[in-house]
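Peer 1: how would this look folded up:
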Amino acid sequence: MKSSSLLVILPFIFGSLNSRAQNIWVQEADFGGGIRKDAFGFSIGNVGYLGSGVNYTEGKLDFWKYDPSSNVWTQESDFPNERRYAVGFSIGNYGYAGTGTGVTGAINDFWQYDPAANTWAKKANFPGDPRYQAVGFSIGNKGYLGSGFTDGGKYKKDFFKYDPSTNKWTEIASLTKGRKEAVAFSIGGKGYITTGIIFTTGASKEIWEYDTTANTWTEKTPCPGPGRIAAAGFATNGKGYVTGGFDDGSGTTVVYNDTWEYDPTTDSWSEKADFPGTPRFSAVGFAIGVNGYVGTGEVSYTEFIQDFWQYSPASSCSAPTGQSSTNIMSTKATLNWDAVSGAIKYQVKYKASNSSTWTQTNSMSTTKTIMGLSANTSYTWQVRSVCSTNPTVTSDWSAKQHFTTTLRLSAEEDASNALDVYPNPFSTTAVISFSLSENSHTVIELYDLSGKKISTVLDENLDAGDHSIELNRNQLADGIYLVQLKTDDQVSTMKIMLQ
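Peer 2: Here you go, the predicted model:
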């Protein structure tokens, strides 16, 4: 077990950093329901949920919502009955929880949580044996639940798929071995189950991948860390994470605080920053946006906790490249860059090169026309990717680029709608960008060089400002074409080349 004493000051050092910090744990507000272990949790949209479980003497049924934007816990409607070791996951805009053990033993009921109405509704019972210490995950619009332990002392390996549209369960391929207290998550349309305790072999470091199409489980590279039971886990940014847990196979309980990242694209593990809180097991883990969260749990069989932590993985948000400045006029210019995988939008900043004041704007595409510039002036600009908005995750700024506006030639130039197509030439798709000085009925049409209209790309009433639309090649042959922009008071035409 690794010591975490050197990391206790992390909340004070890093609490003010934005979420671009990489491979860092930060302590957040304590769970609002007090100490507990064996709770369940899931996330829906931009918030997380945690509830149920047990404290020293009392089974719990309270249920809480966590908002990372305000770092506040809010109590929601109680879970219908107290229990521990339940399974929780979300499908679309709803949460689901079921199985576990309560006052009468193992349970197989199943419930749906509606966050909009803040209500629980009973759904079809889980069809396998009543059980606890099982795992679950969702892929697309289906949920998956299996493994676990029964009151009769059986380690279960069966798995079932839940379809919320029909409220029905279907048995799928079983695991090769029964196990309990494992970790499960889904990544890229596949499910994963790892660690836990396997009957006859003890604490595990195995990981198995479920393929929904083939309905098969395939063993992957095991975790290099020690085998563990009752760890916490989550998946984000296309990778899975496992932290904490314990092993008492030697007769002495060892509790872990190491963190491991699994990358399914390379089928490999890498060790990440140790969990800085007290080492624990039976905690809850889930992801919100690009960050993971772990909280509550058990330090020893006589000590439970309620602290809550955020993990920010190494950011995969890359800065744009391939910048260019086109359609440069006396008061306008179009800025272009290559698309970045995972970016949901871009931020652009620009300034006169001899100024210290930047102007910042957003773009939903890989081009941006900036207006209101000064003639015959040198400008500097940069762009960065935005890969998440809650919490905000951005790349570093790109390398600085420069352009110089032209001399003012005529009033006609300033009336131009700054039509531009990028890239040009192009082979598959390009972005048509333009700026409107006032609200206008706007038509964009594509012509060949003989003047024959090929297609109407856009025909809408648009507000003043910057606009962009994707132009698809479709069945067009290689060659030169004309893109024509018509507004209420102007026609602009530009040549494009397909190759």
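Peer 1: What confidence value was assigned to residue 78?
Peer 2: Residue 78 is assigned a pLDDT of 98 by the prediction.
Peer 1: Do I have it right that it meets residue 60?
Peer 2: No: in this structure, residue 78 is not within contact of residue 60 by C-beta atoms under 8 Å, at 9.1 Å. Every C-beta, even on glycine, is put in place using the N, C-alpha and C of the backbone.
Peer 1: Between these two, which has more neighbouring residues?
Peer 2: residue 60 (22 against 14; other C-beta atoms under 10 Å).
Peer 1: Leaving out chain neighbours, which residue sits closest to that one?
Peer 2: residue 53 (5.2 Å; C-beta to C-beta, 6 or more residues apart in numbering).
Peer 1: what does residue 338 give?
Peer 2: Nearest one to residue 338, counting by C-beta to C-beta, 6+ apart, is residue 322 at 3.5 Å.
Peer 1: swap in residue 443?
Peer 2: residue 486 (4.4 Å).
Peer 1: residue contacts, that neighbour?
Peer 2: 442, 443, 444, 445 (C-beta atoms under 8 Å, 6 or more residues apart in numbering).
Peer 1: any idea which helix or strand carries the third one?
Peer 2: Using DSSP states H and E, residue 444 sits within strand 440-448.
Peer 1: What lies in contact with stretch 108-122?
Peer 2: Under C-beta under 8 Å, 6+ apart, the answer for stretch 108-122 is 44, 47, 49, 63, 65, 76-77, 79-80, 93-99, 123-131, 162, 164.
Peer 1: doesn't residue 333 make contact with residue 373?
Peer 2: Yes: with contacts counted by C-beta under 8 Å, residue 373 reaches residue 333, the gap being 6.6 Å.
Peer 1: Give me the more crowded residue out of the two.
Peer 2: residue 333 (24 against 18).
Peer 1: Against residue 260, how distant is residue 269?
Peer 2: 5 Å (C-beta to C-beta, to the nearest Å).
Peer 1: ok, of the contacts of stretch 108-122, which come out buried?
Peer 2: 44, 47, 49, 63, 65, 76-77, 79, 94-99, 123, 126, 128-131, 162, 164 (16 or more other C-beta atoms under 10 Å).
Peer 1: Let's see which of these end up in helices.
Peer 2: Judged by DSSP state H, helices contain none of these.
Peer 1: Now, those that are in strands?
Peer 2: 44, 47, 49, 63, 65, 76, 94-98, 123, 162 (DSSP state E).
Peer 1: now, among those, which is nearest to residue 352?
Peer 2: Set against residue 352, the nearest of those by C-beta to C-beta is residue 47 (42.8 Å).
Peer 1: so what's the closest one bridging to?
Peer 2: On the basis of DSSP bridges, residue 47 is bridged to residue 44.
Peer 1: Pretty sure it sits against residue 67.
Peer 2: Yes: if you go by C-beta under 8 Å, residue 47 and residue 67 touch, sitting 5.2 Å apart.
Peer 1: Please report how far residue 420 lies from residue 403.
Peer 2: 13 Å.
Peer 1: same check, this time on residue 64
Peer 2: Distance from residue 64 to residue 403, by C-beta to C-beta: 53 Å.
Peer 1: Over to residue 341?
Peer 2: Using C-beta to C-beta, residue 341 is found at 27 Å from residue 403.
Peer 1: Tell me the gap between stretch 446-457 and the middle of its chain.
Peer 2: 42 Å (C-alpha atoms, centre = their mean, to the nearest Å).
Peer 1: May I see the buried residues of it?
Peer 2: Quick answer for stretch 446-457 (16+ other C-beta under 10 Å): 446, 457.
Peer 1: show me what contacts residue 82?
Peer 2: Contacts of residue 82 (C-beta under 8 Å, 6+ apart): 52, 58, 59, 60, 61, 102, 103.
Peer 1: which one of the residues you listed sits closest to residue 196?
Peer 2: For the contacts of residue 82, the nearest to residue 196 is residue 52 (19.7 Å; C-beta to C-beta).
Peer 1: who's in contact with that closest one?
Peer 2: 38-40, 60-63, 79, 82-84, 86, 97, 100 are the contacts of residue 52 under C-beta under 8 Å, 6+ apart.
Peer 1: rewinding a little: by neighbours, which of the contacts of residue 82 wins?
Peer 2: residue 52 (28 neighbours).
Peer 1: Tell me how the protein divides into domains.
Peer 2: 5-312, 317-412, 417-499 (automatic domain parsing).
Peer 1: Tell me which of the ones you listed sits most buried.
Peer 2: domain 5-312 (a mean of 19; mean count of other C-beta atoms under 10 Å).
Peer 1: Quick one: distance of that one to the chain centre.
Peer 2: 17 Å.
Peer 1: same thing with stretch 329-347?
Peer 2: Counting by C-alpha atoms, centre = their mean, stretch 329-347 is centred 23 Å from the centre of its parent chain.
Peer 1: Export it to CSV, keeping only CA atoms.
Peer 2: What follows is stretch 329-347, C-alpha atoms only, in CSV (Å, rounded to 0.1, in the frame of the first residue of the first chain):
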residue,chain,number,x,y,z
MET,A,329,-10.0,42.8,-46.4
SER,A,330,-9.6,46.2,-44.8
THR,A,331,-12.0,45.5,-41.9
LYS,A,332,-12.5,41.7,-42.0
ALA,A,333,-10.6,38.4,-42.2
THR,A,334,-11.5,34.8,-42.0
LEU,A,335,-9.5,32.5,-39.7
ASN,A,336,-9.2,28.8,-40.3
TRP,A,337,-7.8,25.7,-38.6
ASP,A,338,-8.0,21.9,-38.7
ALA,A,339,-10.6,20.0,-36.7
VAL,A,340,-9.6,18.5,-33.3
SER,A,341,-11.0,15.1,-32.3
GLY,A,342,-13.2,15.6,-29.2
ALA,A,343,-13.7,19.3,-29.6
ILE,A,344,-17.3,20.6,-29.2
LYS,A,345,-16.4,24.1,-30.2
TYR,A,346,-13.4,26.5,-30.4
GLN,A,347,-12.4,29.8,-28.8
